[in-house]
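Participant: Sequence unavailable; structure follows:
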């Protein structure tokens, strides 16, 4: 039997820009974080919770305390990787919980006053905004903070402008912009964004990040 010779078919080459590759890396990271967060929340935390319930009857108080602390650390780690509330209630609820955790407690009314989001943000953009906000808050000393704001605005040509405004205690040293740069530059780079700083009198600082709204490519 003669084996037929197949004529090769010309295929369109897949052309990816450097920006596309960066965004793909960011989205892959987010997917892996989500998987790890789910494992910690659904399996490790559940096992520790069951053990905690048993320890109330079978273990000494010191061991009970250690189990409770371990459970809290696992839950916090799961939240930092990807909050479960993000999937169920969306970005606004996830940001509210993030700010509440960082500042111990913030009323719903106060949260509505300083957080302004644009409508119809894509899933990838919401993940980016959450991650950038998380990294920004990691730079702050809560005891020095006197006010904050967060705005997401749409500009022309599909560009989003993400602005964080901070007012610090004027009697204390201001936070160097390098602290923000170190925390944010890797995420901003992967998103192919641009970041600038504006410093004002009375220890006021704005961190402004420009992003292409379509980061799913």
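Facilitator: Nice, thanks for sending it over. Only a predicted model underlies this, so the values are computations on that prediction, with no experimental measurement involved. Numbers count the residues shown, from 1 in each chain.
Participant: So if we follow the domain assignment, how does this protein break up?
Facilitator: 18-82, 105-217 (automatic domain parsing).
Participant: Kindly list the main-chain dihedrals of the residue positioned nearest the centre of the chain?
Facilitator: Central residue of the chain (Cα atoms, centre = their mean): residue 131, 1.9 Å from the mean position. Phi and psi for residue 131, reported as degrees, to the nearest 10, are phi -70, psi -40.
Participant: does it really touch residue 187, like I thought?
Facilitator: Yes. Using Cβ atoms under 8 Å, residue 131 is in contact with residue 187, at 5.6 Å. No exception for glycine: its C-beta is placed from N, CA and C like everyone else's.
Participant: do you know how far residue 194 is from residue 51?
Facilitator: 48 Å (Cβ to Cβ, to the nearest Å).
Participant: More neighbours: these two, which one.
Facilitator: The neighbour count for residue 194 versus residue 51, taken as other Cβ atoms under 10 Å, is higher for residue 51 (17 against 13).
Participant: helix/strand/coil for that one?
Facilitator: Secondary structure for residue 51, judged by DSSP: H, G, I helix; E, B strand; the rest coil, is helix.
Participant: Show me the strands in this protein, by range?
Facilitator: Assigned by DSSP state E, the strands in the chain fall at 115-116, 145-154, 159-168, 194-200, 204-212.
Participant: Considering these, which stretch scores lowest in mean pLDDT?
Facilitator: Across those, strand 115-116 has the smallest mean pLDDT, namely a mean of 78.
Participant: What lies in contact with that one?
Facilitator: 92, 95, 96, 99, 149, 150, 151, 152 (Cβ atoms under 8 Å, 6 or more residues apart in numbering).
Participant: can you pick the most crowded of the residues you listed?
Facilitator: In the contacts of strand 115-116, the most neighbours by other Cβ under 10 Å go to residue 95, 23 neighbours.
Participant: what sits against that residue?
Facilitator: 115, 129, 130, 133, 150.
Participant: Do you know the pLDDT at it?
Facilitator: 89.
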